[in-house]
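Trainee: Fold the stuff below for me.
(one chain, ligands or ions: 1)
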Amino acid sequence: MDVKVGIPRALFYYQYYPLWKTFFEELNTEVVLSDYTTSKTLDEGTKSCVAEACLPVKIFYGHVMNIKDRVDYLFIPRFTSISKKEYVCPKFGGLPDMIRNTIKDLPPLIDTEINLRKSGKNAMKAIMEIGGFLTKDQRKIKNAYKKALESYREFDEKIKQGVLPSDILDRKLNVIRKSSEPELNIAVIGHGYNLYDNYINMDMIDKLRKKGTKIITIDMVEEEVIRKNVSVLPKRIFWNFGSRAIGGSMHFLEREDIDGIIYLMSFGCGVDSFICDLIERRIRRTKDIPFIILTLDEHSGQAGMDTRLDAFIDMIRWRYRNDNNISAHG
Ligand code: SF4
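Mentor: A predicted model of the protein is given here:
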């Protein structure tokens, strides 16, 4: 029987799943995903995790609880850095230790460190170590990685063309548009694991689409464009998400076809609180464009989210009908 490797459907799942899936399958293992996020995922995660963790980490815990008894290995890499001179977030770096020290009866963890802060070449070292959990055949690991990169590039190309990762991974492209009004382009800034998990974002993406909007995220912006934009800042941003969010939002501000910007923020996220403030100030002083911050935590209510989204989209439409006489700041 195939060895089963479990991947929690959370955190970097929305960024790298096609790469990991191909890699592990090429090494003759069966990839098992945890179920979609539900209230049970959050309950279980909250019970087993430290109280001060952010919502996405609690959800990650819930996914580990969901999958841990069904697999031979759990893939929880230690993400220190995924880009030169930048870090991910301390919680990602400590994730395997946090999980190991708080959840009982775990299968062995594949917890290799991914640290590309000094050089992208470290990726190969990490890959050889991950593959080494499953085979001693180094050539096979290298070939599996080559194929995995092809899957990843294919996935990334589709995103750059404007497809949301969740539409590719969860295959549910056909949300029925219910608005007869002209289509609006709404840029949504936030961590992928918040934007693309329908439970965490309280169906925000589907609701916006039903209201006749096209969603544009920073994942759709070319890396060179992001890097060029952030390079003009007087100080370097040390967080990978931070520099991507700022570079992406600067790009959105340059575009004439963006009708409004939403920042989806995680309560309890240090990176978000700092970056969101920087982005908000830059938007306010650069352009008269509708902008709203929506904060997510485990107590966020559906009704509150719906009301704010409705008001935001209606305000944009009223502005177009009334020659921009309505405040852009919600
Ligand atoms: S970046 Fe923020 S939301 Fe993401 S894991 Fe770290 S603290 Fe949580």
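
Trainee: CA atoms for contacts and neighbours, from now on please.
Mentor: Fine.

Trainee: What parts of the stretch 201-330 of the chain come near the ligand?
Mentor: Proximity of the stretch 201-330 of the chain to the ligand, by Cα under 6 Å from any ligand atom, involves residues 266, 269-271.

Trainee: Okay, and which of these map to helices?
Mentor: 270-271 (DSSP state H).

Trainee: and stretch 169-187, average pLDDT?
Mentor: Across stretch 169-187, pLDDT averages out at 75.

Trainee: An error on my part: the question was meant for stretch 322-330.
Mentor: 59.

Trainee: longest single helix anywhere in this structure?
Mentor: The chain, longest helix under DSSP H: helix 138-160.

Trainee: still on that earlier bit, which members of the residues of the stretch 201-330 of the chain next to the ligand are classed as buried?
Mentor: 266, 271 (16 or more other Cα atoms under 10 Å).

Trainee: residues of stretch 277-284 that come out buried?
Mentor: In terms of neighbour count (16+ other Cα under 10 Å), stretch 277-284 has its buried residues at 279-280, 283.

Trainee: Just the residues contacting that stretch, thanks.
Mentor: With contact meaning Cα atoms under 8 Å, 6 or more residues apart in numbering, stretch 277-284 is reached by 246, 249, 253, 289, 291.

Trainee: Run the chain-centre distance for it.
Mentor: 21 Å (Cα atoms, centre = their mean, to the nearest Å).

Trainee: do stretch 263-281 as well
Mentor: Stretch 263-281 sits 14 Å away from the centroid of its parent chain (Cα atoms, centre = their mean).

Trainee: And for stretch 83-94?
Mentor: Distance, centroid of stretch 83-94 to centroid of chain: 14 Å (Cα atoms, centre = their mean).

Trainee: With stretch 256-275 instead?
Mentor: 13 Å.

Trainee: before we move on, the earlier item: just name the closest of the buried residues of stretch 277-284 to residue 6, please.
Mentor: Residue 6 has its nearest neighbour among the buried residues of stretch 277-284 in residue 279, at 36.5 Å by Cα to Cα.

Trainee: where does that closest one land in three-state SS?
Mentor: The local conformation at residue 279, judged by DSSP: H, G, I helix; E, B strand; the rest coil, is helix.

Trainee: For the ligand, see how far away it is.
Mentor: 16 Å (Cα to the nearest ligand atom, to the nearest Å).

Trainee: do the same with residue 50
Mentor: Distance of residue 50 to the ligand, computed by Cα to the nearest ligand atom: 13 Å.

Trainee: isn't there a helix covering that residue?
Mentor: No. Counting by three-state DSSP, residue 50 is not found in a helix; it is coil.

Trainee: tally of neighbours for it?
Mentor: Residues within reach of residue 50, counting by other Cα atoms under 10 Å, total 13.

Trainee: Going forward, count from 2.
Mentor: That works, and once the first residue is 2, the last one we named lands at residue 51.

Trainee: mind listing what's buried in stretch 116-135?
Mentor: Buried positions in stretch 116-135, judged by neighbour count with 16+ other Cα under 10 Å: 116-118, 127-132, 135.

Trainee: Mind picking the two most distant members of these?
Mentor: Farthest-apart pair in the buried residues of stretch 116-135 is 118 and 135; separation 26.3 Å (Cα to Cα).

Trainee: that older thread, farthest-separated two in the contacts of stretch 278-285?
Mentor: Once Cα to Cα is applied, these give 247 and 290 as the farthest pair, at 16.0 Å.

Trainee: Would you enumerate the residues in contact with the most centrally placed residue in the chain?
Mentor: Residue closest to the average C-alpha location in the chain (Cα atoms, centre = their mean): residue 193, at 1.4 Å. The contact partners of residue 193, by Cα under 8 Å, 6+ apart, come to 12-13, 15-16.

Trainee: let's see it at 7 Å
Mentor: residue 15 (Cα atoms under 7 Å, 6 or more residues apart in numbering).

Trainee: list the contacts for residue 196?
Mentor: Taking Cα under 7 Å, 6+ apart as the contact definition, residue 196 lies against residue 202.

Trainee: go with 10 Å
Mentor: Contacts for residue 196 (Cα atoms under 10 Å, 6 or more residues apart in numbering) come out as 15, 165-167, 189-190, 202-206, 218, 264-266.

Trainee: Show me what the very next helix or strand once past the longest helix of the chain is packed up against.
Mentor: Tracing the chain C-terminally past helix 139-161 and defining elements by DSSP states H and E, one meets helix 166-170 next. Under the contact criterion of 3 or more Cα pairs under 10 Å, 6 or more residues apart in numbering; DSSP states H and E, helix 166-170 touches helix 14-27, helix 139-161, helix 193-196.

Trainee: just curious, which of the buried residues of stretch 278-285 is nearest to residue 260?
Mentor: residue 284 (13.0 Å).

Trainee: Find the helix or strand that the closest one is a member of.
Mentor: helix 271-287.

Trainee: How far off centre is that helix?
Mentor: The chain centroid and the centroid of helix 271-287 are separated by 18 Å, computed with Cα atoms, centre = their mean.

Trainee: Show the subsequent helix or strand relative to it.
Mentor: Helix 271-287 is succeeded, C-terminally, by strand 292-297 (DSSP H and E).
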